[in-house]
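Engineer: got a sequence here, can you build the structure:
(one chain, ligands or ions: 1)
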Amino acid sequence: MLNKKVSALLNEQINKELYSAYLYLDMSNYFEQRGLNGFANWYYIQAQEERDHAMLFYRYMLNNGEAVTLEAIAKPDKIFKADMDVLQAGLEHEEYVTASINNIYAEASKIKDFRTMQFLDWFVKEQGEEETNAHELISKMELFGNDPRSLYMLNQELAARVYSAPSLTL
Ligand code: FEO
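Structural biologist: Below is the predicted model:
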């Protein structure tokens, strides 16, 4: 069994990851409407990855004998007026998730819950990668987003992203 507070935070994280999936799906939807199928693909895969993250937290809870409570997932309510708004919102969201993971890690560390810390190690690394990806996308958009031909090429590049299952299995 896990510590009560750590367990509650892990349970909340399931919801945060599912919300992330919902948010990225909405971003994918935005780009579908824009006719930028490569960007839509990129965010669609991002949504799939977030669903995977939720399942990893879910499975970790169950594997440790914890009951999971599934809460309502909030509506993604951001209004995107421009492509860059989406990219910025993606980065901000990842920073929020990183802080959330770090918070669980800190609680687990406080009570010497090494198993949870080890489980979270994968997410700490993953968050680093996700923030880097979000930064890179913003940089590329700043460089190429204002020129239609360059935007087309960038869209092609993002269309090539393929889904792969997480390297962490439980
Ligand atoms: Fe699962 Fe992008 O945080």
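
Engineer: how much space separates the residue positioned nearest the centre of the chain from the ligand?
Structural biologist: The centroid of the chain falls nearest to residue 50 when counting by CA atoms, centre = their mean (4.7 Å). Separation of residue 50 from the ligand (CB to the nearest ligand atom, to the nearest Å) stands at 5 Å. C-beta coordinates here come from the backbone N, C-alpha and C atoms, glycine included.

Engineer: now for residue 161: which residues touch it?
Structural biologist: By CB atoms under 8 Å, 6 or more residues apart in numbering, the contact set of residue 161 is 41, 42, 45.

Engineer: run the last query once more with 6 Å
Structural biologist: By CB atoms under 6 Å, 6 or more residues apart in numbering, the contact set of residue 161 is 42, 45.

Engineer: how close does it sit to residue 89?
Structural biologist: Separation of residue 161 from residue 89 (CB to CB, to the nearest Å) stands at 19 Å.

Engineer: residues from this protein in reach of the ligand?
Structural biologist: 17, 20, 50, 53, 94, 97, 130 (CB under 6 Å from any ligand atom).

Engineer: kindly reformat those as a markdown table containing secondary structure and pLDDT.
Structural biologist: Shown next, in a markdown table, are those (DSSP: H, G, I helix; E, B strand; the rest coil; pLDDT from 0 to 100):
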| residue | secondary structure | pLDDT |
| --- | --- | --- |
| 17 | helix | 98 |
| 20 | helix | 98 |
| 50 | helix | 98 |
| 53 | helix | 98 |
| 94 | helix | 98 |
| 97 | helix | 98 |
| 130 | helix | 97 |
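
Engineer: quick one, helices of this structure?
Structural biologist: 4-34, 37-63, 83-110, 114-144, 148-159 (DSSP state H).

Engineer: hmm, who's touching the shortest one?
Structural biologist: Among residues not part of helix 148-159, those counted as contacts by CB under 6 Å, 6+ apart are 36, 38, 39, 41, 42, 140, 144, 145.

Engineer: got the buried residues for it?
Structural biologist: Using 16 or more other CB atoms under 10 Å as the test for burial, helix 148-159 gives 151, 154, 155, 158.

Engineer: also stretch 69-83?
Structural biologist: Buried-residue list, stretch 69-83, by 16+ other CB under 10 Å: 73, 76, 80, 83.

Engineer: residue 9 against residue 104, yeah?
Structural biologist: Yes - taking CB atoms under 6 Å as the definition, residue 9 is a contact partner of residue 104 at 4.5 Å.
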